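[1] Here is my input; please provide its structure:
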Amino acid sequence: MLMNKDDKFLVCGSNVPNPEIISFLESHNIQYSKAVIYKNISERLTGIQIHNFDLIGIFSPNGAKAYVKNFPQYLSDPNLKKIKFIAFGNTTAQTLKELNIPIEITAPNETISTMPQAIEEVIKKKRK
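    Here you go, the predicted model:
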């Protein structure tokens, strides 16, 4: 990365920054400041019948944590184990693994770059 040693970066994001970005900046001794421009807030999803879903796409580590917070029965209800999960991003995949939620596909990867492509891949596997 070519840059002036005096360059400073402003990292705009949520109140829960992406650890990969922060780690990269720090490991390269890049000066930065964080600006929180939005906050991640979990909502109670009392009206959703989670048993009715076959596939759930999780886009952030906070989304994974919010899922378990809203549906704690996932960890003990064998009927919920049929639900397939797609993780978008490595940090999201890592959080799902830490929460003992199996991942069907992590996107992006070598062959899948978007969430719609990941959904299509899961559907293809199911039809086989």
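
[2] and the longest helix for this structure?
    In the chain, ranked by residue count with DSSP state H as the criterion, the top helix is helix 115-127.

[3] what does it contact?
    Around helix 115-127, the neighbours that count as contacts under Cβ atoms under 8 Å, 6 or more residues apart in numbering are 55, 57, 59, 84, 86, 88, 104, 105, 107, 112. Heads up, the C-betas are built off the backbone N, CA and C, glycines and all.

[4] can you list those residues in TSV and add distance to residue 35?
    Converted to TSV, the contacts of helix 115-127 look like this (distance: Cβ to Cβ, whole Å):
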residue	distance to residue 35
55	35
57	28
59	21
84	36
86	30
88	23
104	35
105	33
107	28
112	31
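
[5] Mind checking which of those residues are in helices?
    When DSSP H defines the helices, the subset of the contacts of helix 115-127 inside them is empty.

[6] any idea which of these is closest to residue 14?
    Closest approach between the contacts of helix 115-127 and residue 14, by Cβ to Cβ: residue 59, at 11.9 Å.

[7] thought the closest one was touching residue 95?
    No - in terms of Cβ atoms under 8 Å, residue 59 does not count as a neighbour of residue 95; the distance is 11.2 Å.

[8] More neighbours: the two, which one.
    residue 95 (21 against 13; other Cβ atoms under 10 Å).

[9] so how far is residue 28 from that one?
    Distance of residue 95 to residue 28, given as Cβ to Cβ, to the nearest Å: 25 Å.
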